[in-house]
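>>> what follows is a protein structure lacking sequence information:
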């Protein structure tokens, strides 16, 4: 809607925080227009921006030319597994590429924080210790959201023998996990 866009562009100098969420925000040219406009107006130095991405795209131009002008840039990447597990969860995505993007985000001086968001479901619950250990070893924060719908993906729907197996696995890992990861388990 052109009227909304025009109004939004007028409000940009007053905006303190923006969040660009997926699908995949780096496929949306409109968000790049907004970010460019903030830099042009000089208000970016007072703004915090969060991008929630699936990690498949690294926006070279934005990282190089736009993000350094902002007060704070945070990247939150949705990652539900490592290696082949990740590729199964995010069909069509390439683990090596996404992992490399996450590490590039981590190494950029203009990025304030990189975090990984894990959707906990029947598909991911068993592998959480490896996920937490991996990201912790890279200094990347982990956050979770629990899948409750559809019910068949909810971890509470696991049969008791599988719940027991997951519990045993977590007890096995407890001594080898950082305290921040233990709080999730």
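In hand now; what should we look at? Computed from a prediction, not measured in an experiment: that's the story for all the values here.
>>> who does the most centrally placed residue in the chain form a beta bridge with?
By Cα atoms, centre = their mean, the chain has its centre lying nearest to residue 77, at 1.9 Å. Counting by DSSP bridges, residue 77 is bridged to residue 53, residue 116.
>>> in contact with it: list those residues for me.
Each residue near residue 77 by Cβ atoms under 8 Å, 6 or more residues apart in numbering is listed here: 53, 54, 55, 98, 101, 102, 105, 114, 115, 116, 117. C-betas here are computed from N, CA, C, even on glycine.
>>> quick check: the fifth one vs residue 144, distance?
According to Cβ to Cβ, to the nearest Å, residue 101 and residue 144 sit 21 Å apart.
>>> for this structure, give me the ranges with low pLDDT.
Counting by pLDDT under 70, the ranges of the chain that qualify are 1, 175-185.
>>> what about residue 101 and residue 144, which has more around it?
Neighbours around residue 101 and residue 144, counted as other Cβ atoms under 10 Å, are more numerous at residue 101. The numbers are 20 against 15.
>>> next, residue 73: secondary structure please.
With DSSP: H, G, I helix; E, B strand; the rest coil as the basis, residue 73 sits in strand.
>>> next, count neighbours for the closest residue in space to it that isn't next to it in sequence.
Using Cβ to Cβ, 6 or more residues apart in numbering and skipping residues adjacent in sequence, the residue nearest residue 73 is residue 67, 4.7 Å away. Applying other Cβ under 10 Å, we find 23 residues neighbouring residue 67.
>>> quick one: residue 67 is in a strand?
No: using three-state DSSP, the secondary structure at residue 67 is helix, not a strand.
>>> separation between it and residue 35?
For residue 67 relative to residue 35 (Cβ to Cβ), the value is 8 Å.
>>> what about the strands in the chain?
For the chain, applying DSSP state E gives strands covering 17-20, 48-53, 72-78, 113-120, 141-146.
>>> just send those strands back as JSON lines, with distance to residue 84 too.
Output for the strands of the chain, formatted as JSON lines (distance: least, Cβ to Cβ, whole Å):
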{"stretch": "strand 17-20", "distance to residue 84": "29"}
{"stretch": "strand 48-53", "distance to residue 84": "21"}
{"stretch": "strand 72-78", "distance to residue 84": "17"}
{"stretch": "strand 113-120", "distance to residue 84": "16"}
{"stretch": "strand 141-146", "distance to residue 84": "20"}
